[in-house]
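Novice: following is a predicted model, sequence given first.
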Amino acid sequence: MAILFLATIVVVFWGLNYLKGKNLFSSERSFYALYEKIGGLAKSNPVTINGFTVGQVRFIQLSEKKPGLIEVKFSISYKSIKIPKGSSARIYSIDIMGTKGIALDLTANPSLCNPNDTLNSSIEGDLRDEVNAQMLPLKLKAESLMSSMDSVLMGIQLVFSERNRNNLTESFSSVNQTLNNLESASRFLNEYVKEESKKITSVLGRVDTLSVGLLKKTGELQDFVSNMKRFSDTLTNVPLMATLTSFRKVLDNLHQLTQKISAGEGTLGKLIINDSLYYAILATNASLNRLIEDVRIHPGKYVRVTLSDKSKSVYTTNDSELARVLAGEGTSDYYICLLQSPTPLAPDDPALKGHTAMQYIQVGSLFYYYTYQNQHIEPCLRKLDKIRKQNPSAGVFTWVSGKWTRLAI
């Protein structure tokens, strides 16, 4: 009974440590690394070599020997893996959500590190840092452009202030009134000349009545002189020269401003003449287009969700139906299918050219030709990556809820 009790305690203790990621029966080697920042690295995060998990992060604490740095302890579970001196423990982003891990960058140094040695450390930026680095120059240029435009608008607003606008309006009104007065005077003179020419002709025809005619016209001449005097006084009181001078100054200022802009002087002139901002925007847009196209073609490089079952990890897209299939892994086969046909294909059919060991499975009225079959998803995923280099349309098929389904991978 006591032996059974002790065995139970041992099994429970081993199980708890196993759930924490510790295997009491494996010989692990521990190493250390010091970082200024860890960017979200947490305990039990994976340690990889070329993407293959070889260990885990054991604990993270502030360094006592070197204040201000963070000490990270991680373990290597494989005896066959040797760590050459000069190797680096690099913190990197495992997925687009920011999950961190440690990647070991091994050197070709024949000398090896001993357990508990401290490795070189580095940390790489995530996708958000890269995008921020690309957008920062554009943001700074945009801010500079907005500041310059504000200055130009303030200058224009100062030139066309309310006072200057009122003065300009008054000047145009005065000029318009003066022109109207000149037109009236001209019309009056024209009519008067016509009328007086007739009278002069009559006077010349009748020299003997010249004195009488002059006496009759004396009053009219006096009225005419009075009218001309009033007209002259009106012209004298109108500030025509000052108005024209002010208007000329405004036109000169506008002319100088347009010449500076055309010559590329000032912020607005540089913005119009220099096309560096335009090409910078084009380059940034091209980089963003390439990034979006790469995410569309290779989504697995950026988005990964881990579904765990029976101590095995499967990497695929977040598909609820696929998660339910993986929950029963081993009860259904997975097929890597290259093509489908409504009828069986002959061995020499051109569609099968270049493919060896092709077999088919009939589902309903269709025949699905596949090159690989396994009860586990992980081998199929590794095989699919190689096959898709030659056949991008290849896919993994299996039975989901009693239906023949292509997995969204």
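Specialist: Cool, got the structure.
Novice: thinking Glu124 is in contact with Ile91, fair?
Specialist: Yes: with contacts counted by C-beta atoms under 8 Å, Glu124 reaches Ile91, the gap being 7.1 Å. All C-beta spots, glycine's among them, are computed from the backbone N, C-alpha and C.
Novice: in terms of neighbours, single out the busier of the two.
Specialist: Ranked by neighbour count (other C-beta atoms under 10 Å), Glu124 and Ile91 place Ile91 first, with 22 against 12.
Novice: shouldn't that one be within a helix?
Specialist: No: read with DSSP: H, G, I helix; E, B strand; the rest coil, Ile91 is strand and lies in no helix.
Novice: buried residues, the biggest strand by length in the chain. List them.
Specialist: Longest among the strand segments of the chain by residue count, using DSSP state E, is strand 52-62. Residues of strand 52-62 classed as buried: 54-58, 60 (neighbour count, 16 or more other C-beta atoms under 10 Å).
Novice: same deal with stretch 72-82?
Specialist: 72-77.
Novice: so which of the residues you listed are in helices?
Specialist: Nothing among the buried residues of stretch 72-82 maps onto helices, per DSSP state H.
Novice: among those residues, name the ones in strands.
Specialist: 72-76.
Novice: please enumerate the strands of the chain.
Specialist: Secondary structure of the chain (DSSP E): strands located at 29-35, 46-49, 52-62, 70-76, 88-93, 100-105, 118-123, 305-309, 312-316, 334-341, 359-363, 366-374, 395-400, 403-406.
Novice: make JSON lines from these and add mean pLDDT and distance to Asn167 to it.
Specialist: Formatted as JSON lines, those follow (pLDDT from 0 to 100; distance: least, C-beta to C-beta, whole Å):
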{"stretch": "strand 29-35", "mean pLDDT": "93", "distance to Asn167": "68"}
{"stretch": "strand 46-49", "mean pLDDT": "94", "distance to Asn167": "76"}
{"stretch": "strand 52-62", "mean pLDDT": "92", "distance to Asn167": "71"}
{"stretch": "strand 70-76", "mean pLDDT": "93", "distance to Asn167": "69"}
{"stretch": "strand 88-93", "mean pLDDT": "91", "distance to Asn167": "64"}
{"stretch": "strand 100-105", "mean pLDDT": "92", "distance to Asn167": "68"}
{"stretch": "strand 118-123", "mean pLDDT": "90", "distance to Asn167": "65"}
{"stretch": "strand 305-309", "mean pLDDT": "38", "distance to Asn167": "71"}
{"stretch": "strand 312-316", "mean pLDDT": "37", "distance to Asn167": "75"}
{"stretch": "strand 334-341", "mean pLDDT": "91", "distance to Asn167": "83"}
{"stretch": "strand 359-363", "mean pLDDT": "91", "distance to Asn167": "88"}
{"stretch": "strand 366-374", "mean pLDDT": "92", "distance to Asn167": "86"}
{"stretch": "strand 395-400", "mean pLDDT": "90", "distance to Asn167": "78"}
{"stretch": "strand 403-406", "mean pLDDT": "90", "distance to Asn167": "78"}
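Novice: among the ones you listed, which is nearest Thr218?
Specialist: Closest of the strands of the chain to Thr218 is strand 88-93, at 109.3 Å (criterion: C-beta to C-beta).
Novice: what is the closest one packed up against?
Specialist: strand 29-35, strand 100-105, strand 118-123 (3 or more C-beta pairs under 8 Å, 6 or more residues apart in numbering; DSSP states H and E).
Novice: could you dump these to TSV with mean neighbour count and distance to Ser111?
Specialist: Conversion of the helices and strands packed on strand 88-93 to TSV gives the following (neighbours: other C-beta atoms under 10 Å; distance: least, C-beta to C-beta, whole Å):
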stretch	mean neighbour count	distance to Ser111
strand 29-35	19	15
strand 100-105	20	16
strand 118-123	17	13
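Novice: in a markdown table, list these along with distance to Tyr334.
Specialist: Formatted as a markdown table, those follow (distance: least, C-beta to C-beta, whole Å):
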| stretch | distance to Tyr334 |
| --- | --- |
| strand 29-35 | 36 |
| strand 100-105 | 27 |
| strand 118-123 | 38 |
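Novice: looking at those strands, which is closest to Lys199?
Specialist: Of these, nearest to Lys199 by C-beta to C-beta is strand 118-123, at 108.2 Å.
Novice: show me what the closest one is packed up against.
Specialist: Applying 3+ C-beta pairs under 8 Å, 6+ apart, we find strand 118-123 packed against strand 29-35, strand 88-93.
Novice: and stretch 168-176, how far out from the chain's middle?
Specialist: In this view, stretch 168-176 has its centroid 52 Å away from the chain centroid, taken as C-alpha atoms, centre = their mean, to the nearest Å.
Novice: which one, of the helices and strands packed on strand 88-93, ends up nearest to Pro342?
Specialist: strand 100-105 (47.1 Å).
Novice: contacts for that closest one, please.
Specialist: Contacts of strand 100-105 from elsewhere in the structure, counted by C-beta atoms under 8 Å, 6 or more residues apart in numbering, are 33, 38-42, 45-49, 54, 57, 72, 74, 83, 87-94, 119, 122.
Novice: just how off-centre is stretch 251-263 within its chain?
Specialist: 37 Å.
Novice: tell me the buried residues in it?
Specialist: 257, 261.
Novice: coming back round to it: export the strands of the chain to JSON lines and tack on distance to Ala263?
Specialist: As requested, the strands of the chain are exported to JSON lines (distance: least, C-beta to C-beta, whole Å):
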{"stretch": "strand 29-35", "distance to Ala263": "54"}
{"stretch": "strand 46-49", "distance to Ala263": "60"}
{"stretch": "strand 52-62", "distance to Ala263": "61"}
{"stretch": "strand 70-76", "distance to Ala263": "57"}
{"stretch": "strand 88-93", "distance to Ala263": "50"}
{"stretch": "strand 100-105", "distance to Ala263": "54"}
{"stretch": "strand 118-123", "distance to Ala263": "49"}
{"stretch": "strand 305-309", "distance to Ala263": "59"}
{"stretch": "strand 312-316", "distance to Ala263": "61"}
{"stretch": "strand 334-341", "distance to Ala263": "66"}
{"stretch": "strand 359-363", "distance to Ala263": "75"}
{"stretch": "strand 366-374", "distance to Ala263": "70"}
{"stretch": "strand 395-400", "distance to Ala263": "63"}
{"stretch": "strand 403-406", "distance to Ala263": "65"}
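Novice: Asn180: which of these is closest?
Specialist: Here strand 88-93 is closest among these (C-beta to C-beta), at 78.8 Å.
Novice: kind regards, and thank you for your time.
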